[in-house]
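**Q** Quick one, what's the 3D model for this:
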Amino acid sequence: MFLIPGGGDACEPGFEVATLISIYRVPQPGTAPYDGVFMFLDFRRDVESLLRDSLDRCEFESMKRVEGTMELELETSPHADLASTVSFRLAPALRRSPAAIAKDLENMIDLPPDGLVDRVEAMGPYLNFFSSRRFLDSVLVQAQGDECWNASPKGRAIVEHTSANPNGPLHVGHIRNSVIGDTLVRILKRAGYDVESQYYVNDMGRQIAIVVWGLGRYPMDESKPDHAIAKVYIEANRDLEADPDLVSGVNELMQRYEAGDQEVAARFRSAVDLALSGLGETLVRLNISHDSYHWESEFVRDGSTKQILRSLELTGLTEWDEGALQLDLSSEGFEKKLVLKRSDGTSLYTTRDLAYHRWKAQVSDRVVDVLGADHKLISGQLKSALRLIDVRGPEIVIFEFVSLPTGSMSTRTGKFITADELLDEVESQAYQEVTTRRPEEGEEFRRAVAKDVGLGAVRYDIVKVSPDKATTFDWKSALDFEKLSAPFIQYSHARACSILRKADQKKFDPSHLVAEEEVALIKKIAQFDMVIERAAAELKPHQLATYARELAESFNQFYRCSPVLEAEPGIKEARLALVNAARKCLVVTLDTLGIPAMEAM
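**A** Here you go, the predicted structure:
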């Protein structure tokens with residue numbers, strides 16, 4: 001029997017903490033190979049060990065000629081907990097059928113008693129592995145606590161995301177960058193990385209110079225700072241297009257700022273700070289924050305940009321062409337040259353970005369950039385340029401754009417839908433939905449729920465789609481409580497909380513949970529660590545969003561098929577433990593997605 005540990009949450013029944021895991025012979029923390037926690041990755045490691053031993057025992061003739069035989073080709077399967085297709089890779093070299101190879105491997109597997117693998121079955125060319133009762137019981141016990149939701153330390157990672165130009169508010173396209181980036185930060189932290197999220201501030205580009213020039217001509221209104229800056233920027237662009245002679249004033253500001261003119265620097269700093277303050281307010285609404293802001297000018301002032309230029313010139317691939325210093329990257333497969341410096345001596349964004357990336361590579365183990373599809377070319381050139389000077393390049397997550405039925409999102413012309421407007425509209429629609437569903441609740445409750453539901457709807461609808469696919473945000477489907485959206489997942493957590501608030505039992509025996517939907521839910525909970533590891537390795541946050549939906553579906557299927565509070569003694573306590581395990585898994589999953597887990601909706 002076990003006791004359900006209480007975590008102090010309001011929706012937990014206040015059960016005592018008890019660690020009786022030794023009954024199931026779970027190793028103590030720090031001992032090989034499981035660090036005291038049995039989740040899906042532990043099961044996978046056992047499967048890998050069994051399969052490798054079987055390959056060794058089979059001693060297939062010509063085995064040494066088979067490349068990649070130790071790639072075990074393990075994947076989850078609808079027919080088993082894990083399935084291997086390694087026989088397909090062995091078949092050509094061994095000149096045998098995959099089915100015959102799979103059968104030999106099955107026969108050579110020696111299952112230890114009381115292990116995490118219950119049985120192995122060859123089904124045609126596939127070798128299927130099934131988890132044991134010991135594994136299921138251990139998962140349920142571990143999931144009552146907190147240790148199993150975080151991986152062991154791995155290293156330091158820097159994730160740069162958002163980094164919108166400080167010349168106006170965030171729009172819907174920026175939101176996808178921010179949500180993908182912040183979710184990756186959370187996934188990497190959960191995977192064991194020491195993560196720093198960074199915002200790279202473009203304070204030396206032409207856009208901000210136009211803002212500074214415009215602030216000297218037009219007064220700012222009293223609207224939100226980033227919105228007020230945008231109005232100045234739009235008005236300045238109109239004047240510059242009407243009278244091209246005015247452009248010289250913008251160029252002079254850029255030259256004086258890069259040269260270190262203190263008066264001009266103060267004007268740039270003031271304008272950027274104003275814009276960033278407004279952008280920061282929007283990011284807070286999205287439950288997003290940055291650990292540090294790094295300004296382009298830092299890498300000019302400290303000489304890093306000049307060092308990058310010198311290093312690139314030493315490659316012998318730079319030349320002055322059409323009034324600019326350019327880098328020939330044809331050897332890297334790029335026809336277009338990379339411009340490094342203007343004829344007036346000022347550096348470009350790309351040059352400063354190279355210096356920034358060299359610094360990031362020096363102080364971290366992983367460097368991740370989140371960039372829009374319009375940055376594919378320049379990001380490829382950047383990585384190639386870094387490779388030429390022996391600097392580790394970043395891992396780049398390219399995302400396609402998100403659109404709205406309303407159309408354009410151009411800051412220059414002013415025809416765009418801001419993130420603030422989108423959030424206001426979604427929260428308003430969420431409030432109407434909550435009021436329809438819970439008319440008896442007070443205004444404060446309905447407003448609070450609407451805020452969290454709206455935030456979840458925006459974040460989930462954006463991150464659920466693979467970054468490399470374009471998407472259209474539809475608030476109606478995003479706010480659908482009945483379909484597979486964020487409110488559906490949030491409501492699943494609230495439902496679990498409601499059940500636990502009514503519970504007064506403590507001890508439980510995991511072996512009572514044998515029904516198909518109960519076992520399926522335990523297995524789905526166990527997969528959390530695998531999903532996190534894969535999403536962190538592949539930098540694909542939509543994988544966690546898919547898991548969140550599947551977890552909520554599995555919990556609701558269990559809820560429909562397995563009465564909890566009305567169950568017989570023994571079964572009731574075990575099902576309560578499963579509800580608590582599902583609740584905890586929903587909490588950490590939603591938290592990793594940056595979505596509030598509400599106790600009532």
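**Q** Just the pLDDT for L274.
**A** With respect to pLDDT, L274 has a value of 97.
**Q** which SSE is E599 in?
**A** Using DSSP states H and E, E599 sits within no helix or strand.
**Q** Assess the claim that it and A494 are in contact.
**A** Yes: counting by CB atoms under 8 Å, E599 touches A494, with 6.0 Å between them. Heads up, the C-betas are built off the backbone N, CA and C, glycines and all.
**Q** Render the CA-only coordinates of stretch 110-128 in CSV, please.
**A** What follows is stretch 110-128, C-alpha atoms only, in CSV (Å, rounded to 0.1, in the frame of the first residue of the first chain):
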residue,chain,number,x,y,z
ASP,A,110,16.4,-13.2,-21.9
LEU,A,111,13.9,-11.3,-19.8
PRO,A,112,15.0,-10.8,-16.2
PRO,A,113,12.4,-11.5,-13.5
ASP,A,114,10.7,-8.5,-12.1
GLY,A,115,12.0,-6.2,-14.7
LEU,A,116,10.4,-3.3,-16.5
VAL,A,117,9.7,-5.3,-19.7
ASP,A,118,7.0,-7.9,-19.3
ARG,A,119,7.2,-9.6,-22.7
VAL,A,120,8.6,-9.5,-26.2
GLU,A,121,6.7,-10.6,-29.3
ALA,A,122,7.8,-10.8,-32.9
MET,A,123,5.0,-9.8,-35.2
GLY,A,124,6.2,-10.3,-38.7
PRO,A,125,9.2,-8.0,-39.1
TYR,A,126,8.4,-6.0,-36.0
LEU,A,127,9.7,-6.8,-32.6
ASN,A,128,7.2,-5.5,-30.0
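**Q** If you count neighbours, what's buried in it?
**A** For stretch 110-128, burial by neighbour count (16 or more other CB atoms under 10 Å) applies to L116, V117, V120, A122, P125, Y126, L127, N128.
**Q** low pLDDT regions in this protein?
**A** 1-38, 60-70, 405-415, 505 (pLDDT under 70).
**Q** Centroid-nearest residue for it?
**A** Nearest to the mean C-alpha position of the chain, by CA atoms, centre = their mean, lies L184 at 2.6 Å.
**Q** how close does that one get to S364?
**A** Going from L184 to S364 by CB to CB, to the nearest Å gives 14 Å.
**Q** repeat for F399
**A** F399 is 22 Å from S364, by CB to CB.
**Q** One more: D302?
**A** As defined by CB to CB, D302 lies at a distance of 18 Å from S364.
**Q** Compare neighbour counts for those two and give me the winner.
**A** Shown here are D302 and S364; by other CB atoms under 10 Å, S364 has more neighbours (20 against 12).
**Q** My guess is the more buried one contacts I158. True?
**A** Yes: counting by CB under 8 Å, I158 is a contact partner of S364 at 4.5 Å.
**Q** Now do the shared contacts for those two.
**A** Here S364 and I158 share the contacting residues E196, scored by CB atoms under 8 Å, 6 or more residues apart in numbering.
**Q** Which residues does stretch 319-329 contact?
**A** For stretch 319-329, contacts defined as CB under 8 Å, 6+ apart pick out 309, 312, 315, 317-318, 336-343, 381, 384-385.
**Q** what separates it from the chain centre, distance-wise?
**A** 38 Å (CA atoms, centre = their mean, to the nearest Å).
**Q** Now the terminal residues of that stretch, how far apart.
**A** With CA to CA, to the nearest Å as the measure, the ends of stretch 319-329 fall 12 Å from one another.
**Q** Check whether H290 sits in a helix, strand or coil.
**A** Under DSSP: H, G, I helix; E, B strand; the rest coil, the three-state class of H290 is coil.
**Q** can you give me the helices for the stretch 301-450 of the chain?
**A** Ranges of helices in the stretch 301-450 of the chain, per DSSP state H, counting those that start in this stretch, are 304-313, 349-363, 376-388, 419-437, 443-463.
**Q** Mind listing what's buried along the first one?
**A** Judged by neighbour count (16+ other CB under 10 Å), helix 304-313 contains these buried residues: S304, T305, I308, L309, S311, L312.
**Q** That helix - contacts with which helices or strands?
**A** Contacts defined by 3 or more CB pairs under 8 Å, 6 or more residues apart in numbering; DSSP states H and E place helix 304-313 against strand 338-341, helix 349-363.
**Q** if I look at K224, how far off is G168?
**A** Counting by CB to CB - K224 and G168 are separated by 11 Å.
**Q** Please say which of the two ends up with more neighbours.
**A** The residue with more neighbours, out of K224 and G168, is G168; 27 against 17, by other CB under 10 Å.
**Q** so what's L279 closest to, chain neighbours aside?
**A** Nearest residue to L279, sequence neighbours excluded (CB to CB, 6 or more residues apart in numbering): D226, at 5.2 Å.
**Q** And that neighbour, which helix or strand is it part of?
**A** Going by DSSP H and E, D226 is part of helix 225-242.
**Q** Return the set of buried residues in that helix.
**A** 225-234, 236-237, 240.
**Q** same thing with stretch 322-331?
**A** Buried-residue list, stretch 322-331, by 16+ other CB under 10 Å: L325, Q326, L327, L329.
**Q** what do you get for stretch 346-366?
**A** So, applying 16+ other CB under 10 Å, buried residues of stretch 346-366: 346-361, 364, 366.
**Q** Map the structural domains onto the sequence of this structure.
**A** Per automatic domain parsing, the structural domains of the chain span 37-149, 155-303+347-403, 419-592.
**Q** mind listing the strands in the stretch 151-300 of the chain by residue range?
**A** Secondary structure of the stretch 151-300 of the chain by DSSP state E, counting those that start in this stretch: the strands cover 155-160, 193-201, 292-295.
**Q** closest one to F445 among the ones you listed?
**A** Taking CB to CB, strand 193-201 is the member of these nearest to F445, at 32.3 Å.
**Q** Please state the offset of that closest one from the chain centre?
**A** Centre-to-centre, strand 193-201 and its host chain are 13 Å apart (CA atoms, centre = their mean).
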